[in-house]
Every structure is written in C-alpha cells, then in structure tokens.
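J.: quick one, structure for this:
(4 chains)
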Number of protein chains: 2
Amino acid sequence: MPNPLVRKLENFIRLTSEEKQALEKIAQPTRRLGPREDVVRDGDRPRHVNVVLEGWACRYKQLEDGRRQVISIFLPGDLCDPHVFVLRKMDHSLGTLTSVVLAEIPETAIREITQQYPRVAEALWWEMLVTAAIQREWTVSLGQRLATERLGHLFCELFLRLRAVGMTNDTSCEFPITQADLGDAMGLSTVHINRTLKELRAAGLIRLRGRQLTIPDFSALQAASLFDPSYLHYERDPLNTAED
Amino acid sequence: MPNPLVRKLENFIRLTSEEKQALEKIAQPTRRLGPREDVVRDGDRPRHVNVVLEGWACRYKQLEDGRRQVISIFLPGDLCDPHVFVLRKMDHSLGTLTSVVLAEIPETAIREITQQYPRVAEALWWEMLVTAAIQREWTVSLGQRLATERLGHLFCELFLRLRAVGMTNDTSCEFPITQADLGDAMGLSTVHINRTLKELRAAGLIRLRGRQLTIPDFSALQAASLFDPSYLHYERDPLNTAED
DNA sequence: GCCCAAAATTAACCTGCGTTAGTTCCGCTC
DNA sequence: GAGCGGAACTAACGCAGGTTAATTTTGGGC
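T.: The predicted model follows:
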C-alpha cells in the first residue's frame, strides 16, 4: 500500500525514488480520529499541514445560526494548505467525515523538502492549483447546476480523484459519507439529497448501496452532469491509465 | 495615485521602498480593454500573471448550454494566480466587467522578485491564501445564504476590499457592475437580483444609484448578512484604519 | 439474534427563486 | 433634444427545492 500523497503527486510528475522516500518520510501517520471529529477549529492558529492518509475529511464553516457548509472534501492523499502558516488564524474548521488517519507535517519539514527537491515543490504547486480549481468548480456547481447535475458532478469528481490514488476498482469505489453531509456539501437539504439520489438511481446513472458507489456508465453520468474533467489537470487521463 | 498592488500587499506587510519600487516596476500598465471583453479564454495556455490596475474584472466559467457562473471578482490591486504557469491550460476564462487596465507580468519577473525579496514572496503567499479564503466564502454564500444575505455579504466584502486599496470614501464606493453580472456571480436570476436590491434598499441597508454604492450603517448590513470579515485576513482592521 | 441509535426513506405541504414578457429609465450620440 | 440601446425595474405565474414529521432500514455492540 503505497503512500497516497506520493501516489497523488505522481499523477502530475513522475518522482525519483529519492524524492518519493523524502515525501513518505514526512507523511507518516501521527494522528487517528473517529468519524465526526474536528481536526482543527475555526480561529485556531495552524500548527501543521495535515495530510489525509486514510478516510475522508472536509473543510467546513458554520454560520452563527447553525447552518453548515462543507467547503471541500479531502480524500486520501489530499493535503490542506501547504503554506497555511502565513495566516495567523484558521478561518474555517477541518473535520473528519469517517475515521481518519492523518500525517501532521511541521512547517519546517515542508520548507526543507521543497528547498531540497524542486520537483517536489513543483508537484506541491500543482496540488495547490488543482485544489483551487476544484474549489472554483464547486462554486460553479452551487451557482448553476440543478440538484441532479450537482450530485452527478460530485460523483464524477470524487470517482476520478479516488482513481488517481488507486482507490477504485473498475466502475466502483467506497463512498462512506452520509446523506446529511452530502447535503451540507451541495447546499441541499437531506430530504432533497435523498430524492435526487433516487432519481439518479432510477435513471440508471449510479448504484449506491451501503458505502459502495458504482457508476456503470461514466460517460452517461458525465453528460448528464455537464462534467468536464479538465479542471482536475491530470496529465494522463486517469480513466484510461493502467494501474501500476 | 499609488500602485494598487503595492497598496493591497501593504495591508499585510509594510514593505521597504526598495521592495515597493521593484513591485511597481513589474506592475506597469501593458494592456487596456473595454467592458465585457475576454482577457484570457478557457483552454488557452497562460502567458502572464495579470494584475488589475484599474477597473473591475472577473473569472468566469461557461457551461456547454450557456449558463455562466462568475467565479470571482477582481478589483484594482488583485492578481490572478501568481503560479498559474504550472498548469498547461486555463480551466476558466478571465473577462472584464468594466473598462480595465492590466499589468501583464511574465513568469520570469515573478520568479526573480520573489527570489530577491523574500518579504514580497511572503506577501504574495498571503495574497494567494486570502484569494482562496474568498473563494471558500463564496462557496458558503452560494450554498447557505439566502438572496438578501448573499448580496449583502458581497457588498460587505467588496467594500472592505476596495477600502484596502483606498477606493472608498467614508461609506461609499464606486459600484460599476450590472445586475445581470451580479446575478451570474451570486447564482441568482437578474429579476431576483433586482427584487433583492429593492428589499435591501427598503430596509435602509444600502443605497445604490447609478454606479455608486453607499452602506450607511456597515454593522447593520454585516449583521443582516452574517458577514464575518476575518476570512479577509487584514492585519489591521481596514474599517478603523486611517488613510495614509 | 436482540437492541439501539444513526441513517435512509417517504409524504404533504410550503416558499424562495426562476421564467416570461413586458415597461420604464438612463446615458449616449448626433 | 430626439432617438436609440442597454440597463433597470415590474407583474404573474410556475417549479425546484425546503420543511416538518413520520416510518423504515441499517449496522454495530453485546
């Protein structure tokens, strides 16, 4: 089971084994959390860069009156803001969706590895820019897409991101998040998430039982959701790339 | 009339005059556009970092069927993705909202100035992280806030961002964008933007005539919109900072 | 195999916002 | 100052999605 951060970055640049070893060394498990726990809280001073090694996590923001928006979803291999230290305070929280294993990387370790290995620095740049692109695409989804398109688009995105770290097989992947959390992420009520899932299932676009998602015909879901994967900036189309 | 990029960055770090001069030198006007023109188009290879010197611009994305989402709004002093070159292709377009004057900064100039002046590099880091924070806050708005809150929140944000580059006086600022563009940015129809503005006016929260916005009682609008300025990460609260 | 809490599902009703189709206003040009 | 085009504004109606309040299913823990 290779390190998911290394695996993810290799979608952009193939790294030397020295570079990979350096990355693996700083991205070791240091913290385990259960589902629905906070990793860092809004207002905290950031102390490390968190990398998800196992499980799903998220950024979220809670309004004074309790409304909650999940701002982004973190999958294995994802890392939160490699340069977050520049800001004094978190302006949002990080929380787990499932049980999670994290690597907490200190500021110095990031600085050292990027100074020593320019290709790792470039790969981290790519990671940041793609994270920003995903955030923009969520803006588009929330602003323009209807509920079916919005959910379908999310399924397409998460499937490709999971495939990029080797966490899919054929047309299926784990999908361990609740409909309530899906609602908070998509700006929809739990009830409407449920209705919309029913509709996507009825249209044969997805199967979703327990914690398993199947997309029997990716291009059909893609067309129905107006999903264009170019914002993910994978050099090699992950749908057509053989596993290592 | 000082360079708005310098002015903006000084909200984070006070720069030496040498650093300021270096920034001003690379942020000189090189391109003028009319309203509603494209600066860079989706799919293009990025050639420079664009800095807005005058006027308002935006990122936007157009779906196949014509729906358009304005993803972010650029004000004077804003700069688009200092490291965009890492990606081969634009995944969205940049366009003007009003007449605009741009500085087009080549990749090499960015690299040189950040290598020579670490404090400028840190200021650009701050800029990038705040831009990301603004994008996250738009996600929250689109996902959770009602139309009145959403528009009120945008007014608060833009007012503070304009104030940070000295483009407000007392409680007013220029507000040169059409209701149609506001709709594309807020994920609302033009008709509903109009209704919502009427409501905000009736509540005495804003005045908006021609291209002039007045916020007579900022904290009232702030409260009505659930606006918390901490995501803008100004070191000194721009509402209480005297003009230089 | 039973218990329990969390998650999924459904129905009935309601509302915020979209759509369509105008009319009015404003700023510009000649 | 007449005329024009784009922007602002309005009204009537329709629909996507929210809300409330149940009921059913699921998956651990013992």
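
J.: burial of the closest residue in space to A:P216 that isn't next to it in sequence, as a residue count?
T.: Closest residue to A:P216 apart from its sequence neighbours, by CB to CB, 6 or more residues apart in numbering or on different chains: A:T171 at 5.9 Å. For the C-beta atoms, the positions are set from N, CA and C on the backbone; glycine is no exception. Residues within reach of A:T171, counting by other CB atoms under 10 Å in any protein chain shown, total 13.

J.: same deal with A:G55?
T.: 21.

J.: where does the residue nearest to A:P216 fall, phi/psi-wise?
T.: Phi and psi for A:T171, reported as degrees, to the nearest 10, are phi -110, psi 10.

J.: what parts of chain A come near DNA strand C?
T.: A:P35, A:R36, A:T178, A:Q179, A:A180, A:T190, A:V191, A:N194, A:R195, A:L197, A:K198 (CB under 7 Å from any atom of the strand).

J.: now do 10 Å
T.: Within reach of DNA strand C by CB under 10 Å from any atom of the strand, chain A has these residues: A:35-36, A:97-98, A:143-144, A:146, A:175-183, A:189-199, A:201-202, A:208-211.

J.: residues in contact with A:F155?
T.: Going by CB atoms under 8 Å, 6 or more residues apart in numbering or on different chains, A:F155 touches A:I206, A:L213, A:I215, A:L221, A:S225.

J.: could you rerun that using 10 Å?
T.: A:F155 makes contact with A:173, A:175, A:197, A:200, A:205-206, A:208, A:213, A:215, A:218, A:221-222, A:225, A:227, according to CB atoms under 10 Å, 6 or more residues apart in numbering or on different chains.

J.: which stretches of chain A have low pLDDT?
T.: Across chain A, the ranges flagged by pLDDT under 70 are A:1, A:236-244.

J.: would you map the helices across it?
T.: A:4-9, A:17-26, A:107-116, A:118-144, A:147-164, A:179-186, A:190-202, A:218-225 (DSSP state H).

J.: dump these to a markdown table, plus distance to B:G43.
T.: What follows is the helices of chain A, written out as a markdown table (distance: least, CB to CB, whole Å):
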| stretch | distance to B:G43 |
| --- | --- |
| helix A:4-9 | 25 |
| helix A:17-26 | 31 |
| helix A:107-116 | 30 |
| helix A:118-144 | 14 |
| helix A:147-164 | 19 |
| helix A:179-186 | 27 |
| helix A:190-202 | 29 |
| helix A:218-225 | 18 |
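
J.: out of those helices, the one nearest B:E54 is which?
T.: helix A:118-144 (24.7 Å; CB to CB).

J.: do the closest one and chain B come into contact?
T.: Yes. Counting by CB under 10 Å from any CB of the partner chain, chain B has neighbours in helix A:118-144: A:122-133, A:135-144.

J.: same deal with stretch A:73-83?
T.: Yes. Stretch A:73-83 lies within reach of chain B by CB under 10 Å from any CB, at A:D81, A:H83.

J.: end to end, how far does that stretch reach?
T.: 19 Å (CA to CA, to the nearest Å).

J.: cool, and stretch A:23-37?
T.: Using CA to CA, the two ends of stretch A:23-37 sit 26 Å apart.

J.: for stretch A:172-179, same thing?
T.: 18 Å.

J.: domain assignment for chain A?
T.: What automatic domain parsing lists as the domains of chain A is A:4-128, A:145-240.

J.: out of these, which gets nearest to B:P82?
T.: With CB to CB, the closest approach to B:P82 among the domains of chain A belongs to domain A:4-128: 10.1 Å.

J.: is that closest one anywhere near DNA strand D?
T.: Yes. Using CB under 10 Å from any atom of the strand, domain A:4-128 reaches DNA strand D at A:G34, A:P35, A:R67, A:T98, A:S99.

J.: how far away is the residue nearest the centre of chain A from A:N11?
T.: Nearest to the geometric centre of chain A sits A:F74, at 3.3 Å (CA atoms, centre = their mean). Separation of A:F74 from A:N11 (CB to CB, to the nearest Å): 16 Å.

J.: which residues sit in contact with the residue in chain A positioned nearest to DNA strand D?
T.: Per CB to the nearest atom of the strand, the residue of chain A with the smallest distance to DNA strand D is A:H192, at 3.0 Å. A:H192 makes contact with A:A147, A:L151, A:Q179, A:G183, A:M186, according to CB under 10 Å, 6+ apart.

J.: so which bits of stretch A:99-111 are buried?
T.: Of the residues in stretch A:99-111, A:V100, A:L102, A:A103, A:E104, A:I105, A:E107, A:A109, A:I110 count as buried by neighbour count, 16 or more other CB atoms under 10 Å in any protein chain shown.
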